[in-house]
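**Student:** sharing a model that was predicted from the sequence below.
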Amino acid sequence: VLHLLLGDEPLFHVPAYQLVHPVEFAIYAVLGVVGGLVSVAFVKLLLWQRKYFQSLPISTRWYIPVAGGITVGLLGWFAPDVLGVGYGAVDKALNGHIVLGTMALLVCLKLVATATCYSSGNAGGIFGPALFIGAMLGGSVGALAHIVMPSYTASVGAYALVGMGAAFAGIVRVPLTSVIMIFEVTRDYTIIVPLMIANLLAYYVSSRLQEEPIYEALLHQDGIHLPSGAAARAKENVLRVSDGLHPGCEPLSASLTVADARARADRRYQAWPVADERGLRGMVSAQRLDQAIANGQGGELLGQLVPEPGPAEDLNQDIFPHLHAHHSLDVA
């Protein structure tokens, strides 16, 4: 349907690729390593800025997007190609119409602009900028290699194309999707071997230096922890939390006295959840209740034994650990 309505033209027109010399595979490998390092720098900068902006008082939230807008605006004033998705500049890089210095500068500026824009809550995503950063990075590596070894290297556009895939694989952590995507937007599969080499190296480097993929890390910053799916089922016959889980007992109210809580607690359990009007507050053990009564604290409120965990936005895995039923018992 897409082809019928919009025609069969690819998103980017790239010159025909051919392997000039086998030594190029080493250059593409270097591009993969550099792409992985740049991907890690982008992800860590974005997550650090976002964490900082989220830590600011709620009263300051209204002008946080202004900081992102001013940053991007100033960068765009001096380098207009930084603004927007940048597919026009990508097309120029793929066809070798941008010089080395400009491409290297655009890598740095786009990285800062995208990270600041996204982390400050402005409009924009990661998909398009990842392709832009990759194209400029690949073009820079290709132009530099062509200066050093002009007789052994292909056109700059070939390296820009591979750089797009490498950066996308390193940032989003989808190396095979990246290979197919580059084919989709260019309709050219002749460069698939260098693309796979660079993608896998970028993926390996980024996963070693930044354990969490960017989208999972963004969810964790918001306090969202989704089941790990296939990763949780990677090992067969592993005992999980669901195997040792039994139905929960009735939670105790934080407004009860310690003595009342001890009297109401179901003696079949050794610990009970404590809740208030905001929800789960924490857990209290039978040993803790018995000790409190022995110390003459029977008249105190149960909430004093189980302090509030703090605002929801401040909760994290260290302060408020939690389990999913699919987690292994080793993790538990």
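**Tutor:** Alright, I've got the coordinates. Just so it is clear, the model here is predicted, and its values are computed rather than measured. Numbers count the residues shown, from 1 in each chain.
**Student:** my guess is Leu218 contacts Arg50, does it?
**Tutor:** Yes. With contact defined as C-beta atoms under 8 Å, Leu218 counts as touching Arg50 (7.4 Å). For every residue, glycine as well, the C-beta is placed using N, CA and C.
**Student:** residues in contact with the residue nearest to Asp243 when sequence neighbours are not counted?
**Tutor:** Nearest non-adjacent residue to Asp243, counting by C-beta to C-beta, 6 or more residues apart in numbering: Leu329, 7.2 Å away. Contacts for Leu329 (C-beta atoms under 8 Å, 6 or more residues apart in numbering) come out as Val238, Leu239, Arg240, Val241, Asp243, Gly244.
**Student:** hmm, which of the residues you listed are the buried ones?
**Tutor:** Using 16 or more other C-beta atoms under 10 Å as the burial test, those include Arg240 as buried.
**Student:** as a markdown table, the contacts of Leu329 with secondary structure and distance to Ala158 would be great.
**Tutor:** Converted to a markdown table, the contacts of Leu329 look like this (DSSP: H, G, I helix; E, B strand; the rest coil; distance: C-beta to C-beta, whole Å):
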| residue | secondary structure | distance to Ala158 |
| --- | --- | --- |
| Val238 | coil | 45 |
| Leu239 | coil | 51 |
| Arg240 | strand | 48 |
| Val241 | helix | 50 |
| Asp243 | helix | 53 |
| Gly244 | helix | 55 |
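**Student:** would you map the strands across the stretch 151-300 of the chain?
**Tutor:** With strands called from DSSP state E, counting those that start in this stretch, the stretch 151-300 of the chain shows them at 252-253, 271-276, 279-285.
**Student:** the last one pairs with which strands, parallel or anti?
**Tutor:** Read that as strand 279-285. strand 271-276 (antiparallel) (DSSP bridges).
**Student:** ok so, going back, against Val241, how distant is the residue nearest to Asp243?
**Tutor:** 6 Å (C-beta to C-beta, to the nearest Å).
**Student:** got it, and His326?
**Tutor:** For His326, the distance to Val241 - C-beta to C-beta - is 7 Å.
**Student:** quick one: common contacting residues for the two?
**Tutor:** Contact criterion C-beta under 8 Å, 6+ apart; residues shared by His326 and Val241: none found.
**Student:** any idea which helix or strand comes after the longest helix that the chain contains?
**Tutor:** As assigned by DSSP state H, the longest helix anywhere in the chain is helix 24-55. Using DSSP states H and E, the helix or strand that follows helix 24-55 in sequence is helix 64-78.
**Student:** what packs against whichever helix or strand comes after that next one?
**Tutor:** Moving toward the C-terminus from helix 64-78, the next helix or strand (DSSP H and E) is helix 87-94. Identification of packing neighbours for helix 87-94 by 3 or more C-beta pairs under 8 Å, 6 or more residues apart in numbering; DSSP states H and E yields helix 127-148, helix 156-172.
**Student:** okay, now Asn199: neighbour count?
**Tutor:** 29 (other C-beta atoms under 10 Å).
**Student:** chain center to stretch 325-332: distance?
**Tutor:** From the chain centre to the centre of stretch 325-332 is a distance of 23 Å (C-alpha atoms, centre = their mean, to the nearest Å).
**Student:** okay, it in PDB with CA atoms only?
**Tutor:** The C-alpha trace of stretch 325-332 is given here as PDB (Å, rounded to 0.1, in the frame of the first residue of the first chain):
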ATOM      1  CA  ALA A 325       6.700 -13.400  39.800                       C
ATOM      2  CA  HIS A 326       8.900 -14.200  36.800                       C
ATOM      3  CA  HIS A 327      12.200 -13.400  38.700                       C
ATOM      4  CA  SER A 328      14.400 -16.300  39.600                       C
ATOM      5  CA  LEU A 329      14.800 -17.200  43.200                       C
ATOM      6  CA  ASP A 330      18.500 -16.400  42.900                       C
ATOM      7  CA  VAL A 331      17.500 -12.800  42.100                       C
ATOM      8  CA  ALA A 332      15.000 -12.800  45.000                       C
END
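**Student:** kind regards, and thank you for your time.
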